[in-house]
Every structure is written in C-alpha cells, then in structure tokens.
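Colleague: Need coordinates for the following:
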Amino acid sequence: MKNIMKNTAYLCVALFLLVLSACEPDDNEKEWGVAKVYMPQAAILNGGLSNDYPVPLSNNASTENYEIDPVTNTLKITLGVYRSGLSSLKAYSVSVQADIDASNAAVGSINKGILLPADTYSLPSTVSVPDGEREAVFSLNVDLNKLISDYPSYGGGKLVLVVGISDPTKYELNPKLSKTTIIIDGPSFLPAPKIVQGGDFESGSEQYWTRVNFSGSLDESVAAITNGALVFNYGTTAATGEIYFYNTIQLEKEKTYKFSSNFSSTGGSTIVSARFYLIVTHVLSSTVSYAQDGQYSSDTNTFFCMWDAWNGMKNPVNGTLPQNSGWAGGNIEKGSGLFTPKFSGTGYLIIGVVAWGSPIGIITLDNIKIEEQ
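Modeller: Numbering: from 1, shown residues only. As a prediction, this is how the structure comes out:
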C-alpha cells in the first residue's frame, strides 16, 4: 500500500511538470542574454582591444566606412549604436558627444596624431532607435574644405577624435564599447601639406617667418615681406649689417627633397663685400651669425647655397635658386636643388643677407618650395 501511494505521488509530480512545460515558450522564443547598448565601431578593428576605428578601415579594404559628398566635400564617417541580447526590441535613445580629454590622450599615443579641430566637424546630439529595431546609424561629418583652407599642414597627419555614447533611455550601456577612437588618415583625403608654409609671401605668410637682426644699423625697411615677396632692399649706398629670416619645417631623414625659389637682384656691377645665403639645418641659434665660416658648412646642416662677393657676385640676376647660386654644398646635388636631410623632425630654412660696407641693391625671393621627390 505504501509503495502504491509513493508511485502515485511520483506520477502526479511528473504529470504536473509535463503540464507546466507545455505552458512554457519554445527555446527560440525565450528571452536570454543581457541587453546592452554599445558602438559596433569600437570593436570592428580588433574586437574592442583598442576601440580604434581607422578611416579608411585598414583591416578590410572591401569595407567602406565613409562616403564623401561630392557637392559639399563633406567626409561622412559611418558610426552607429547597437543593442545586444534576444529580448524584445523596444525603442531607446542615447546621447552622442565628442570626448576631448580622451581625444587628446589618444593623440599622444598615435604617430603623427592631430586633434580633429572642433570647427571642422559635426555630430548629432542624440540618436534614437525605434520599436522593433536593434540598431541605428549616424555619422561624424567632417568639412574637408575647411581643413584644406584653415589647416593646410594637417594633410600629412592622423586626425583623431574620440566619439562616445551615454545615458541610454532603456537598457544598460556596455562601458568597454561605449567610445570609439576615430583615426582619419590625412593623406587619404587631404592634399600633401606644404613643407615651407608661407613660401608664396602672400597675405598671412608673415606668421611663418621669423626675422632676426644682427650687427649693423639697418632698420626694418631694409628687409621685409612686401608685395607678395621677401625683399632685401639695401639700396645703392654702402650698407653694413646682417638680417635673417627663418621658417620652421619638417623633414624625414633618407628621403629626397628638392628646393626651389624665384630669385632676382637689381643694382650695380660686382659686389665687393656681401653675401646672400640659404641654409637648411636642424640647429637654430638666434645668437650666432650664420655668416661666420663653419656655420653654413658644418655637419649639422643639410645643404646651403650662396651668392657671394668672392665668387663673382654680380647684379642684376634673374632666375632661380640654387641653379644660379655661386656656391653650393652640404648634402646636395649641386645646381639641382635635390638634397637628402641629415635629420628627421624639426628643421629650419634660413635665408639671409650680410653686407660689409657694400651697395648691393635689391634682392627678391618668391615661391620658395621644398618638395618631396
């Protein structure tokens, strides 16, 4: 009797569990997995190890993660928000913002990293996902025309901006994938930057050139950027003094470059005691006269060219440098302007005229260029 009652109890429990299971949804209808909101682009390069998002996307050449508006020349970088998990899809929204502190930190860790200027891009402030949808796409819009006009040197760098999402109105935020470090390859979208900024001496070029006066009593009018050129106006009377202009440039060791410049002079015949010179160097001293022997020909300098009284310096001249310079030396192919730097990084293009009691007339330079070959 006791065994019959025990078996009857087991049967009742089994029947109850069978009925209960019949009332539950199939596995494919169950809600499982934690629903979290994140940016897919934060994981697209290496699974979220770095959150880096190169533009163009370097790990998959067939994947286009941008488009360019042909009318406005706006670079539209694809971004998005996504919700994981298999629970029912309910509407939600997130806030979108640029994280400048994180952007600056990223710039410091990226070779040739540059912060994307705030006046060149736009982002939506919020992104909404409707009922029944898992994701929404938005874009970082970058004004390429403004970058070209206002930031001409940025074409050789990596433009960086960290974009993040926050404050979801529903679901949790995945903090590890809530920010994307966008790295725009400058050379892919912008013209190569000019190595010599302000070499055309048009309006605004003064900001790139620093003037240094040395010995003598020459006033400001003797050498200046005027009428779209760099002019050394020593006149027809004997002058004494040294004036230099220098421009900060960036070069890479072992690469080949070519220097060129329009060059002209006016005045009398042979100059008996004066020197014009041009130097590329990575050593700059505002207290040392570059007219001194050794300053222009030392190992620190990449190349120099000169128009010199001791090498038949005569007026007038109308042509180009260094083709018509009397002397040329350093790491340069004489007469061609081709040279290979002895350094990588910051260097200086130095232009100067020295006169020792000699009338030399007017020397004019324009369209100064250093171009990678």
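Colleague: low-confidence ranges in the stretch 51-200 of the chain?
Modeller: Counting by pLDDT under 70, the stretch 51-200 of the chain shows low-confidence ranges at 59-62.
Colleague: swap the cut-off to 90 and go again
Modeller: The stretch 51-200 of the chain contains residues with pLDDT under 90 at 58-64, 86-87, 152-153, 156, 192-194.
Colleague: Distance across stretch 119-136, terminal residue to terminal residue?
Modeller: Length of stretch 119-136, first residue to last, Cα to Cα, to the nearest Å: 25 Å.
Colleague: Relative to Ala106, how far out is Phe263?
Modeller: As for Phe263, its distance to Ala106 is 44 Å (criterion: Cβ to Cβ, to the nearest Å). Glycine gets a C-beta too; all of them are placed from N, C-alpha and C.
Colleague: same deal with Asp131?
Modeller: 36 Å.
Colleague: With neighbour numbers in mind, choose between the two.
Modeller: Ala106 (23 against 9; other Cβ atoms under 10 Å).
Colleague: Now do the buried residues in the strand or helix carrying that one.
Modeller: According to DSSP states H and E, Ala106 maps onto helix 100-109. The neighbour-count check on helix 100-109 (16 or more other Cβ atoms under 10 Å) flags 102-103, 106-107 as buried.
Colleague: These into a markdown table, with extra columns for distance to Gly337?
Modeller: Shown next, in a markdown table, are the buried residues of helix 100-109 (distance: Cβ to Cβ, whole Å):
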| residue | distance to Gly337 |
| --- | --- |
| Ala102 | 44 |
| Ser103 | 39 |
| Ala106 | 38 |
| Val107 | 34 |
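Colleague: from those, which is closest to Lys176?
Modeller: Ala102 (13.6 Å; Cβ to Cβ).
Colleague: Setting aside sequence neighbours, what's the nearest residue to that closest one?
Modeller: Val162 (4.1 Å; Cβ to Cβ, 6 or more residues apart in numbering).
Colleague: So what would you say the end-to-end distance of stretch 175-194 is?
Modeller: 41 Å.
Colleague: distance between that stretch and the chain's centre?
Modeller: The chain centroid and the centroid of stretch 175-194 are separated by 9 Å under Cα atoms, centre = their mean, to the nearest Å.
Colleague: mind checking how far Val280 is from Tyr244?
Modeller: Shown here: Val280 relative to Tyr244, a distance of 14 Å by Cβ to Cβ.
Colleague: more crowded one of the two?
Modeller: Shown here are Val280 and Tyr244; by other Cβ under 10 Å, Val280 has more neighbours (25 against 22).
Colleague: Name the helix or strand for the more buried one, please.
Modeller: strand 274-281.
Colleague: Count residues in the vicinity of Pro187, would you?
Modeller: 13.
Colleague: For it, give me its contacts.
Modeller: 155-156 (Cβ atoms under 8 Å, 6 or more residues apart in numbering).
Colleague: Name the SS class of it, please.
Modeller: The three-state label given to Pro187 by DSSP: H, G, I helix; E, B strand; the rest coil is helix.
Colleague: that's a strand at Ile77, yeah?
Modeller: Yes - counting by three-state DSSP, Ile77 is located in a strand.
Colleague: which stretches of the stretch 51-200 of the chain form strands?
Modeller: 52-55, 66-69, 74-83, 92-98, 113-115, 121-122, 126-129, 135-143, 158-166, 172-173, 179-185 (DSSP state E, counting those that start in this stretch).
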